[in-house]
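Chemist: curious how this folds, go ahead:
(2 chains)
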Number of protein chains: 2
Amino acid sequence: MIIIGEKLNSTLKSVRPAMENYDAAFVQELAKKQYEAGANYIDLNAGMFYKDEPERLEWLVKTVQEAVDIPLSIDSPSPKALEKALRANTNSKPIINSITDEKERYNPILPLVTEFKTGVIALCMDDEGMPETVEDRFKIGARLIEKLTKAGVQPEDIYIDPMVRPIGTGSHYGIVAIETIRKVKTEYPEVHIACGLSNISFGIPVRKLMNQTFLVSAMTAGMDGAILDPLDKKLMSFLYATEALLGYDDFCMNYMTKFREGSLEV
Amino acid sequence: MIIIGEKLNSTLKSVRPAMENYDAAFVQELAKKQYEAGANYIDLNAGMFYKDEPERLEWLVKTVQEAVDIPLSIDSPSPKALEKALRANTNSKPIINSITDEKERYNPILPLVTEFKTGVIALCMDDEGMPETVEDRFKIGARLIEKLTKAGVQPEDIYIDPMVRPIGTGSHYGIVAIETIRKVKTEYPEVHIACGLSNISFGIPVRKLMNQTFLVSAMTAGMDGAILDPLDKKLMSFLYATEALLGYDDFCMNYMTKFREGSLEV
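Modeler: Residues are numbered from 1 along each chain as shown, chains lettered A, B, ... in the order given. As a prediction, the model looks like this:
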C-alpha cells in the first residue's frame, strides 16, 4: 500500500493554529511522526489560508523537507499555489493532489505535471459534476488516464481517486467507490489508486469502525494507495492484516514484525 | 448475512464440560444468547463424544429446541449421528453441516438431505484431499452444486464452504478463500456461502484482528453466510458496518439501530 499521510492539512482544527503561527517545530514533528509510522508521502494542504495559500504552501514544503527526506503530496486545486510549492520542492518526485477533468482545472495543472515530472492524483470528476454511477466514474477516470498518458505521464505516476462520498447520504456510495476501484485496477493495472478514506463515514456514528471496514473492503477490491492518518494505530493494524490476508506479506513477516513491535491493535 | 452461531461445539473447552454433564440450562442459555445476538442458525456439534455422538447430538437438538425456535445446523461427518439428530428435530428446516465430494461421505449423507429436505453445507473437498488452488476448489464446489441440484436440492439450500486454511501456514490461503468465494457467487448467485471464519488466523497472533479483516474482505467478495461467534460484539460490529458499506442496509438503518442499542464496538 502507498500511504499518503493526511495530517498536515490546514482544515484540521488540531493543526491549523500551528500553521497559522509558522510553528516549524510542530509541523516538522508531525511530518516525522507520519514518516516513522509508515507514510510513503506527506500530504501538505494550506487551503484554509485564502489570502496567501501559495506562500503558505511553499513554507510548508521548505519546512517539512528540512526535517524529512520523503516525497510530498502537494495538495491544492490552485495552479499558482502548486507551482510555487513545486519550485521549492527538493525532495524526490512529489505528487500533485489533484487534477480533475474540469477544463479550468485540467488545462493549467497538466503543464505542472509534465514540467516537474510529478505523480498526479486524478479525481473522477468533470465539468458535469460528480458522477453517481460506477460506469460514469470509471468513464471519467479512464478519460483522464488516456489524456494524461498521451501527454507523456507514465501510468504508474497516475493515482485515481474514485471520489468517496458519505454512505450516510446515500447507501450506494460505498459499493460505488469499491466497484470503481475494482474496475480501474482491472482495466489499468499499472495505475494506482489514491482514495480519501474518511469521507465514507462523514455524518454517521462510530466513524473509525466504518473507516476500518472501508479500508479492508477497498483493499480487497484492489486499492493500492490511500490518503489516511498513519498515526491511527488501529487503522494501520487493519492495513497490515489486510496485506497479510491478501497475500502481499510473504509468510506474514511484516504482520509478525508489527506484532513484536507492539503495533498491532484491535 | 446468514449467521450460523458456532458456540455449541464440543471441541470448545468452555462448552464441553456442560455438554459432558448434560447441563441443559447452560446449553439452552448459550443457544438463546446466540439467537438474541443475531444468529440465524445454531450449530450443534457433539463430535468430541466418540462413543455416543448420535445420542449426544440428539440430546443437543432436543434440549436446544425446548428453548429456542430457530433452525439448527447439525454438525457431524457421521450419517448415523446426523440421522438421529434429524429425526429429533422439530424446529424449522435445518442445515446439515456438512457434506463433501468424498464418496464415503457424499453417498450416505445425500439421502438424509433429500429425505429431511434440509439445507446442506458442502465443503470444497473430494477423495483427492484438500485442493490448493482457486480453480481446484471451485471445480469441486461446482461439481457438488451440480450433483446436489440434480438430486433435487434447491440451489438456495446449498451452502458452499471454501475450506479456509490458516494464512500462517501459507500466505496464499487468504486470497485463495476470497477468490473461491467470489467465483462461486459469480457463477452460482443463488447458492450461499458458509465460511468457517476463524480458521484463517490459526497460529498467528492478534487473531481477532485477522478474523475481523477476513470477515470484511470475504463479504466484499460475496460471502453471504458464515459460521462465527455472534457473541463477539466487535466481530458483529464489523459485520453490520460491512452490510452498510456494501449497500445491503438501506439508509444505514440497521447500523444506526445497533449504534443506538450500544452494540457497535471498535
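Chemist: mind listing the strands in the stretch 101-250 of chain A by residue range?
Modeler: A:119-126, A:158-161, A:192-193, A:195-196, A:225-228 (DSSP state E, counting those that start in this stretch).
Chemist: deepest-packed of those strands, please.
Modeler: Most buried of the strands of the stretch 101-250 of chain A, by mean neighbour count (mean count of other CB atoms under 10 Å in any protein chain shown): strand A:158-161, with a mean of 27. (C-beta placed from N, C-alpha, C; glycine too.)
Chemist: on that earlier part again, can you redo the strands of the stretch 101-250 of chain A as a markdown table with distance to chain B and mean pLDDT?
Modeler: Below are those laid out as a markdown table (distance: least, CB to the nearest CB, whole Å; pLDDT from 0 to 100):
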| stretch | distance to chain B | mean pLDDT |
| --- | --- | --- |
| strand A:119-126 | 18 | 97 |
| strand A:158-161 | 18 | 98 |
| strand A:192-193 | 15 | 98 |
| strand A:195-196 | 13 | 94 |
| strand A:225-228 | 15 | 98 |
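Chemist: need the contact list for the closest residue to chain B within the stretch 1-150 of chain A.
Modeler: Going by CB to the nearest CB, chain B is nearest to A:V134 of the stretch 1-150 of chain A, at 11.7 Å. For A:V134, the contact set (CB atoms under 8 Å, 6 or more residues apart in numbering or on different chains) comprises A:176, A:179-180, A:183.
Chemist: may I see those arranged in CSV, with distance to chain B and neighbour count as well?
Modeler: Output for the contacts of A:V134, formatted as CSV (distance: CB to the nearest CB, whole Å; neighbours: other CB atoms under 10 Å in any protein chain shown):
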residue, distance to chain B, neighbour count
A:V176, 8, 23
A:E179, 10, 18
A:T180, 13, 29
A:K183, 14, 19
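Chemist: now, which of those lie within helices?
Modeler: Among these, the subset assigned to helices under DSSP state H consists of A:176, A:179-180, A:183.
Chemist: would a markdown table of the residues you listed with pLDDT be doable?
Modeler: Converted to a markdown table, these look like this (pLDDT from 0 to 100):
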| residue | pLDDT |
| --- | --- |
| A:V176 | 97 |
| A:E179 | 97 |
| A:T180 | 98 |
| A:K183 | 98 |
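Chemist: before we move on, back to that, I'd like the strands of the stretch 101-250 of chain A laid out as a markdown table, including distance to A:G141.
Modeler: Below are these laid out as a markdown table (distance: least, CB to CB, whole Å):
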| stretch | distance to A:G141 |
| --- | --- |
| strand A:119-126 | 5 |
| strand A:158-161 | 5 |
| strand A:192-193 | 10 |
| strand A:195-196 | 12 |
| strand A:225-228 | 14 |
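Chemist: quick check: A:T213 touching B:V216?
Modeler: Yes - under the criterion of CB atoms under 8 Å, A:T213 makes contact with B:V216 at 5.3 Å.
Chemist: ok, the two, which is more surrounded?
Modeler: A:T213 (31 against 28; other CB atoms under 10 Å in any protein chain shown).
Chemist: pLDDT at that one, what is it?
Modeler: On pLDDT, A:T213 comes in at 98.
Chemist: just give the nearest non-adjacent residue to it, would you?
Modeler: What sits nearest to A:T213 in space, not counting adjacent residues and going by CB to CB, 6 or more residues apart in numbering or on different chains, is B:A241, at 4.1 Å.
Chemist: now that neighbour: how far from B:K234?
Modeler: Per CB to CB, to the nearest Å, B:A241 is found 11 Å from B:K234.
Chemist: for these two, work out which one has more neighbours and name it.
Modeler: Legend: neighbour count by other CB under 10 Å for B:A241 and B:K234, higher for B:A241 (33 against 16).
Chemist: please verify my assumption that that one contacts A:N211.
Modeler: No - with contact defined as CB under 8 Å, B:A241 does not reach A:N211; the gap is 9.4 Å.
Chemist: related to what we said a few turns ago, of the ones in helices among the contacts of A:V134, which is the nearest to A:K62?
Modeler: Of all those, A:T180 has the smallest distance to A:K62: 36.1 Å, by CB to CB.
Chemist: ok, that closest one - contacts?
Modeler: A:124, A:134, A:137-138, A:141, A:162.
Chemist: apply 6 Å and report the result again.
Modeler: A:134, A:137-138, A:162 (CB atoms under 6 Å, 6 or more residues apart in numbering or on different chains).
Chemist: just send those back as JSON lines, with pLDDT too.
Modeler: What follows is those, written out as JSON lines (pLDDT from 0 to 100):
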{"residue": "A:V134", "pLDDT": "97"}
{"residue": "A:R137", "pLDDT": "97"}
{"residue": "A:F138", "pLDDT": "98"}
{"residue": "A:P162", "pLDDT": "96"}
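Chemist: of the residues you listed - the most surrounded one?
Modeler: Neighbour-wise, those (other CB under 10 Å) top out at A:P162, 29 neighbours.
Chemist: quick one, what contacts that one?
Modeler: Residues near A:P162 by CB under 6 Å, 6+ apart: A:124, A:137, A:177, A:180-181.
Chemist: distance check, the closest residue to it other than its chain neighbours against A:I3.
Modeler: For A:P162, ignoring the flanking residues on the chain, the nearest one in space by CB to CB, 6+ apart is A:T180 at 4.0 Å. According to CB to CB, A:T180 and A:I3 sit 20 Å apart.
Chemist: thank you, goodbye.
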